[in-house]
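**Q** give me the fold of what follows.
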Amino acid sequence: MNKTTIRFQQVGDAERFCEILNNDNFIYFSIRPSIEEERKYLSQNLKSRKKNFEYNYTIIYDKKIAGAIGIKINQHSTHIGEIGYFIDENFWNKGIASNAVKLIEKIGFNELNLERIEIVMMPENKGSIRVAEKCNYKREGLLAGRIYNNGKYHDAYMYAKLKNEYSQAGIN
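**A** Model (predicted):
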């Protein structure tokens, strides 16, 4: 039985998200928000959805908050969305991120009418590479200086899936 679900983020998630994001082992996402900053960010989610900017969800695993996932809509090419996510270290290697990606891509393709969904990660992020490949995203290339993390620009892999590839898989 799949214990992974997603729901829209709530301001009350701020403390748990800060706990996850401020973990010293969490190295591929350099944002280290205070609880006040996170509450402010979360309070903007409805406005971001209404503007078709981003759609953010809390990942629930076995009734506990395990992380977050979202789709940011490319504002110049609104048929493209980029998935981003983070998972609490205590929930790594349980297939939670892969399950959450499958849930949010269904929303992206079926409800948001995206034609393309991308996942971008640093080449050192082996966990995210596994997630993308497990979810049948194709590596399209290496983007020089694409990610700014911990004060430096890093190269990144670009993975993507097209709506027709999703539809052909019979998942929708």
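**Q** surely residue 48 meets residue 42?
**A** No. Contact criterion CB atoms under 8 Å: residue 48 and residue 42 do not qualify, at 10.2 Å. Backbone N, C-alpha and C define where each C-beta goes, glycine included.
**Q** which one's more surrounded, those two?
**A** Neighbours per residue (other CB atoms under 10 Å) separate residue 48 from residue 42, with residue 42 holding more: 21 against 16.
**Q** buried ones in the strand or helix carrying the more buried one?
**A** Element membership for residue 42, per DSSP states H and E: helix 35-43. Using 16 or more other CB atoms under 10 Å as the test for burial, helix 35-43 gives 38, 39, 41, 42.
**Q** ok, the third one - contacts?
**A** For residue 41, the contact set (CB atoms under 8 Å, 6 or more residues apart in numbering) comprises residue 33.
**Q** how would you label residue 24: helix, strand or coil?
**A** With DSSP: H, G, I helix; E, B strand; the rest coil as the basis, residue 24 sits in coil.
**Q** would you mind measuring from it to residue 81?
**A** Relative to residue 81, residue 24 is positioned 30 Å away (CB to CB, to the nearest Å).
**Q** comparing those two, which shows the higher neighbour count?
**A** Higher neighbour count among residue 24 and residue 81: residue 81, with 26 against 7, using other CB under 10 Å.
**Q** want to throw the buried residues of helix 35-43 into JSON lines with pLDDT and distance to residue 65?
**A** What follows is these, written out as JSON lines (pLDDT from 0 to 100; distance: CB to CB, whole Å):
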{"residue": "38", "pLDDT": "94", "distance to residue 65": "13"}
{"residue": "39", "pLDDT": "96", "distance to residue 65": "15"}
{"residue": "41", "pLDDT": "95", "distance to residue 65": "16"}
{"residue": "42", "pLDDT": "96", "distance to residue 65": "12"}
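**Q** tell me where this structure has strands.
**A** Using DSSP state E, the strands found in the chain span residues 4-8, 54-61, 64-73, 80-87, 116-121, 138-149, 152-162.
**Q** can you check which residues contact both of residue 48 and residue 42?
**A** With CB under 8 Å, 6+ apart as the test, residue 48 and residue 42 both reach residue 56.
**Q** what packs against the longest helix belonging to the chain?
**A** When the chain is parsed with DSSP state H, its longest helix is helix 96-110. The contact analysis (3 or more CB pairs under 8 Å, 6 or more residues apart in numbering; DSSP states H and E) places helix 96-110 against strand 4-8, strand 54-61, strand 64-73, strand 80-87, strand 116-121, helix 126-134, helix 163-168.
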